[in-house]
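Peer 1: Provided below are the primary sequence and the corresponding predicted coordinates.
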Amino acid sequence: MDLVTLCYRLSERYPRSEEFNLRMQTRRAVISVAANIAEGHGRTGIGEYLHHLSISHGSLMELETLVHAAVRLGYLETDATSQFFVGTEEVARLLKALMRALRQRASEATPVIV
């Protein structure tokens, strides 16, 4: 959720001409990251949870790309995005660790047929 807040604040710097383009796409991507983590957590099966975490990770990669584009277009300064990219790296690390732990739990729960 910290990343959501930070991303919304950064996207406020985009020009008015990007209100319904890059700004909205950036905001949709960051909300998708958080929402898919929450939705996956609310699912009953580990497979469903992993699926939503994978979508969340994809949205995170989309988000990074959109912010890189904003920097290249001159809408954001590199200095202004440093905290943002630290945040996306942390979220990616946490997502990967959670997915690894869930896969491990799923493999331990699978009965071995002899």
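Peer 2: Done, it's in. Numbers count the residues shown, from 1 in each chain.
Peer 1: Under the pLDDT cut-off, which ranges of this structure? List them.
Peer 2: Flagging of the chain using pLDDT under 70 yields the residue ranges 110-114.
Peer 1: what about 90?
Peer 2: Under the criterion pLDDT under 90, the flagged ranges of the chain are 20, 44, 80, 105-114.
Peer 1: And the helices in it?
Peer 2: Assigned by DSSP state H, the helices in the chain fall at 2-11, 22-42, 46-72, 78-109.
Peer 1: Dump the ones you listed to TSV, plus mean neighbour count.
Peer 2: C-beta coordinates here come from the backbone N, C-alpha and C atoms, glycine included. TSV is the format used below for those (neighbours: other Cβ atoms under 10 Å):
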stretch	mean neighbour count
helix 2-11	16
helix 22-42	18
helix 46-72	17
helix 78-109	13
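Peer 1: so who does the residue lying closest to Tyr75 once chain neighbours are set aside touch?
Peer 2: Once flanking residues are discounted, Tyr75 sits nearest to Tyr14: 4.8 Å by Cβ to Cβ, 6 or more residues apart in numbering. Contacts for Tyr14 were tallied using Cβ atoms under 8 Å, 6 or more residues apart in numbering; they are 22-23, 26, 70, 75-76.
Peer 1: from those residues, which is closest to Asp2?
Peer 2: Nearest to Asp2 among those: Thr26, at 15.8 Å, using Cβ to Cβ.
Peer 1: Could you measure from Gln3 over to Glu39?
Peer 2: Quick fix: residue 3 reads Leu, not Gln. Per Cβ to Cβ, to the nearest Å, Leu3 is found 17 Å from Glu39.
Peer 1: Right, I'll leave it there.
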